[in-house]
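Asker: next input, structure requested:
(chains A and B)
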There are 2 protein chains.
Amino acid sequence: MAEKTWVRMVTAQTPTNIAVIKYWGKRDETLILPVNDSISVTLDPAHLCTTTTVAVSPSFDQDRMWLNGKEISLSGGRYQNCLREIRARACEVEDKEKGIKIAKKDWEKLHLHVASYNNFPTAAGLASSAAGFACLVFALAKLMNAKEDNSELSAIARQGSGSACRSLFGGFVKWIMGKAEDGSDSLAVQLVDEKHWDELVIIIAVVSSRQKETSSTTGMRDSVETSLLLQHRAKEVVPKRIKQMEEAIKNRDFGSFAQLSCADSNQFHAVCLDTCPPIFYMNGTSHRIISCVEKWNCSEGTPQVAYTFDAGPNAVLIAHNRKAATQLMQKLLFCFPPTSDAHLNSYVIGDKSILKDAGIEDIKDVEALPPPPETKDVQRCKGDVSYFICTKPGRGPALLSDESQALLHPETGLPK
Amino acid sequence: MAEKTWVRMVTAQTPTNIAVIKYWGKRDETLILPVNDSISVTLDPAHLCTTTTVAVSPSFDQDRMWLNGKEISLSGGRYQNCLREIRARACEVEDKEKGIKIAKKDWEKLHLHVASYNNFPTAAGLASSAAGFACLVFALAKLMNAKEDNSELSAIARQGSGSACRSLFGGFVKWIMGKAEDGSDSLAVQLVDEKHWDELVIIIAVVSSRQKETSSTTGMRDSVETSLLLQHRAKEVVPKRIKQMEEAIKNRDFGSFAQLSCADSNQFHAVCLDTCPPIFYMNGTSHRIISCVEKWNCSEGTPQVAYTFDAGPNAVLIAHNRKAATQLMQKLLFCFPPTSDAHLNSYVIGDKSILKDAGIEDIKDVEALPPPPETKDVQRCKGDVSYFICTKPGRGPALLSDESQALLHPETGLPK
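Answerer: Numbers count the residues shown, from 1 in each chain, chains lettered A, B, ... in the order given. Reported below is the predicted structural model:
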């Protein structure tokens, strides 16, 4: 009986990512195999990440999961696929100190507890499922002493949420669509790590929205079934763009990087619009942010900022460097000032040093901002943006060895 | 001297039209030759038309034109091309009663006065240039006794504004893109006249807009130069759709008609979004109108209404029949009620009998409308629509023989 009381735990942190060459459309719904390659940038986990603690104990009588403190069901096919695949790769674990010994075959019978927490609002449309599934698979692999490398793990995370496979690495990551019917070669590889292009600065505008968006799973399926442009994009346009984007990243060629990112984001939304019924992820605020960036890039003669939008109205803006990011912040705050009651402190979050560089310390500094010279008759739209997050490209998954960061109690295996 | 005082005048009225398979992209900028065929429905000139009076007199010392009462320049290439082409087709004219005799060769030296008037706001984005150039060419052809039929005239009007060629006929009209380098076979033909499918009812929502839109000339050029989807659309998608649309119109198959119209409108806007920099013609109000129609069509199981949007946010809604139009009017007025200060009388214009059928006589009836059952949590957006125009498919160009309708003075040839 006494030996049943042990709990083995692992806690990991995994970043979210944003695609700069988009994934839109599956060729296999169950295995989650895409119709084209995609490329993403991993976001700094300091500002956007999932922390997951996974635990195993002979005292657990079922698999259970808590997301942001609330118990959720693990019965869905996507969770089941990830759990099955990772269990199949479990190896022997021995912790002499704690008197734990788990044989390879034991994993089939042992139950798991999972607690996951996002350091950003789940509902904000910031790819929380990507970070979530990547973290689940990564943490379980460590718990189970699986020998697979991160690329191999990415093919498992992919079965939870397609874009999750790209969160297994930092820096810039390519999801190779693969050819195999079983999906074994549809996995992520790192193109360059986060140090390769470390002058980039990322500002995310979380845009207020009146409408509930179409889920990306449903939207993608509708696009594959009805859009007459999707296959042309997947077969003719994206393969060339992938090569060009890899070159741009390798050479830190911001002009090409921005041109490709913006064009690909727009084309993804064009395919959504070509879907029946049409899907509108961007709203008027998204359009105004694009217009603001396009006018500035045009007036400078060379791109200062790239924009990209996922399945929602939020803008992810990638600035060439700190100077461009500072200017961008000023323009954004001019166009989208906080509502008078909001505190600037909660309106610009993440790396607040950009705000300081922009000379903005309080709401009066925002009010005193000059209008961007390149945009005529610009309207100041209070309330259209909920908040901004300042961040940068970041590292891949990491283990958190400090037990105080675990989300499960080391003795009960229940949420702290 | 006395013989120099005569003025010969012709007044014509020409409808506007709305494409249901869109024209977007030129293969020749000067001749205005499109990259694909297009199909349009002609709108009833009672509600949307241009009236043009053209006059010739030996007393005129230059070509002059007045649009909506204001003199405008005729020096632009598009006007010059139309004037040159139509003068080349001028024939002898004799009016013994008035003592007028114009030899074929005289037309080269004689100057023209043109006055044109739209019975709808020019700035509302309702294809005023289509009706305008069609009317100019049609009226001049009659003035000059040109022998060309309306298809041949359409190839001239096309050189003023591409879509103008489709305003030379009533009912449903196809603009054949043609193959000839000189554009001689790029012209419009009537598919069916306005009586063929006379149960259709058209409601136009003139949508309020904060932004100045990209002109269709500029937008089209940018799309041809930068969109990687445009050529695929033009070469692979549209040719099939044209055939399907011709069948649908011939068979009065509203289900197919609506499906094709909506899909093609959305695809045109998808190509605009795929343009660099992206073009947004539709705004949030346009999106809400689409959503309202899609939800209703879906709940009915079979389409009740088709929507189509040109290079602006205005919705052109084509209802299957009067019953569907009445229900549509109720839904639209529920979602987009007039601002309290606006009079219902100026908020719904054109064929007001639809309003009567919908049981709406004053603003209180609008306020009492029930929410559309198929749309949950619908917000009532006052002020998002400027006004509605109720109309139907209509006839082609017509001569107005009643001299009181002329816009030029019969003796001076100057605007009345």
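Asker: contact partners of stretch A:20-28?
Answerer: A:32-41, A:162-163, A:175, A:177, A:183, A:220-221, A:223-224, A:230, A:234, A:238, A:241-242, A:245, A:257, A:260-261, A:264-265, A:267-268, A:271-272, A:306, A:308, A:310, A:318 (CB atoms under 8 Å, 6 or more residues apart in numbering or on different chains). Bear in mind the C-beta positions are built from the backbone N, C-alpha and C, glycine included.
Asker: wait, I meant stretch A:398-416
Answerer: Against stretch A:398-416 from outside (CB under 8 Å, 6+ apart): A:5, A:7, A:9-14, A:45, A:51-53, A:55, A:57, A:59-60, A:66, A:69, A:113, A:115-117, A:142.
Asker: I figured A:Asp357 hits A:Thr326, correct?
Answerer: Yes. If you go by CB atoms under 8 Å, A:Asp357 and A:Thr326 touch, sitting 4.5 Å apart.
Asker: have a look at these two and say which one is more surrounded.
Answerer: Of the pair A:Asp357 and A:Thr326, A:Thr326 is the one with more neighbours under other CB atoms under 10 Å in any protein chain shown, namely 20 against 15.
Asker: and that one, what does it touch?
Answerer: With CB under 8 Å, 6+ apart, A:Thr326 has these contacts: A:354, A:357-358.
Asker: what ranges do the strands span in the stretch 251-400 of chain A?
Answerer: In the stretch 251-400 of chain A, the segments counted as strands under DSSP state E, counting those that start in this stretch are A:305-309, A:315-319, A:348-350, A:385-391, A:398-399.
Asker: wait, I meant the stretch 1-150 of chain A
Answerer: Applying DSSP E, counting those that start in this stretch to the stretch 1-150 of chain A gives strands spanning A:8-15, A:17-21, A:26-28, A:33-34, A:38-42, A:49-57, A:64-67, A:70-72, A:93-95, A:100-102, A:111-118.
Asker: okay, the angle between the last one and strand A:8-15?
Answerer: Read it as strand A:111-118. 30 degrees (axes from the mean of the first three to the mean of the last three CA atoms, to 10 degrees).
Asker: residues in contact with strand A:111-118?
Answerer: With contact meaning CB under 8 Å, 6+ apart, strand A:111-118 is reached by A:49-57, A:60-69, A:74, A:83, A:128, A:131-132, A:135-136, A:139-140, A:143, A:407-408, A:413-415.
Asker: ok, and of the contacts of stretch A:20-28, which contact chain B?
Answerer: A:267, A:271 (CB under 8 Å from any CB of the partner chain).
Asker: so which of the strands of the stretch 251-400 of chain A is nearest A:Phe336?
Answerer: Across the strands of the stretch 251-400 of chain A, A:Phe336 has its closest neighbour in strand A:385-391 (4.1 Å, CB to CB).
Asker: quick revisit: kindly reformat the strands of the stretch 251-400 of chain A as a markdown table containing mean neighbour count.
Answerer: Compiled in a markdown table, the strands of the stretch 251-400 of chain A are given as follows (neighbours: other CB atoms under 10 Å in any protein chain shown):
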| stretch | mean neighbour count |
| --- | --- |
| strand A:305-309 | 24 |
| strand A:315-319 | 26 |
| strand A:348-350 | 20 |
| strand A:385-391 | 22 |
| strand A:398-399 | 14 |
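Asker: any chance of these in TSV, plus mean pLDDT and distance to B:Gly99?
Answerer: As requested, those are exported to TSV (pLDDT from 0 to 100; distance: least, CB to CB, whole Å):
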stretch	mean pLDDT	distance to B:Gly99
strand A:305-309	98	70
strand A:315-319	98	72
strand A:348-350	94	82
strand A:385-391	95	73
strand A:398-399	98	98
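Asker: what's the mean pLDDT across stretch A:199-217?
Answerer: Averaging pLDDT along stretch A:199-217 gives 88.
Asker: next one: stretch A:277-296
Answerer: In this model, stretch A:277-296 has a mean pLDDT of 96.
Asker: A:Trp107: which of the strands of the stretch 251-400 of chain A is closest?
Answerer: A:Trp107 lies closest to strand A:398-399 among the strands of the stretch 251-400 of chain A, at 19.3 Å (CB to CB).
Asker: direction included, what does that closest one pair up with?
Answerer: Strand A:398-399 pairs in its sheet with strand A:8-15 (antiparallel), by DSSP bridges.
Asker: for A:Val378, give me its contacts.
Answerer: Counting by CB under 8 Å, 6+ apart, A:Val378 touches A:292, A:334-335, A:371-372.
Asker: need the max-distance pair from those.
Answerer: Checking the contacts of A:Val378 with CB to CB, the most distant pair is A:Cys292 and A:Pro371, at 10.9 Å.
Asker: neighbour count for the two, which is higher?
Answerer: Legend: neighbour count by other CB under 10 Å for A:Cys292 and A:Pro371, higher for A:Cys292 (24 against 13).
Asker: so the more buried one touches A:Leu333, yeah?
Answerer: No. In this structure A:Cys292 lies outside contact range of A:Leu333 using CB under 8 Å: 11.4 Å.
Asker: quick one: the lengthiest helix in chain A to strand A:315-319, angle?
Answerer: In chain A, assigned by DSSP state H, the helix with the most residues is helix A:254-273. Angle of helix A:254-273 versus strand A:315-319, following the same axes, to 10 degrees, is 170 degrees.
Asker: so how many other residues sit close to A:Ile176?
Answerer: Counted with other CB under 10 Å, residues neighbouring A:Ile176 total 18.
Asker: in the stretch 301-416 of chain A, which residue sits nearest chain B?
Answerer: Residue of the stretch 301-416 of chain A nearest chain B, by CB to the nearest CB: A:Gln379 (7.0 Å).
Asker: and the nearest residue in space to that residue that is not next to it in sequence, how far from A:Ser151?
Answerer: Leaving aside its sequence neighbours, A:Gln379 sits nearest to B:Arg210 (CB to CB, 6 or more residues apart in numbering or on different chains; 7.0 Å). To A:Ser151, B:Arg210 is 48 Å away according to CB to CB, to the nearest Å.
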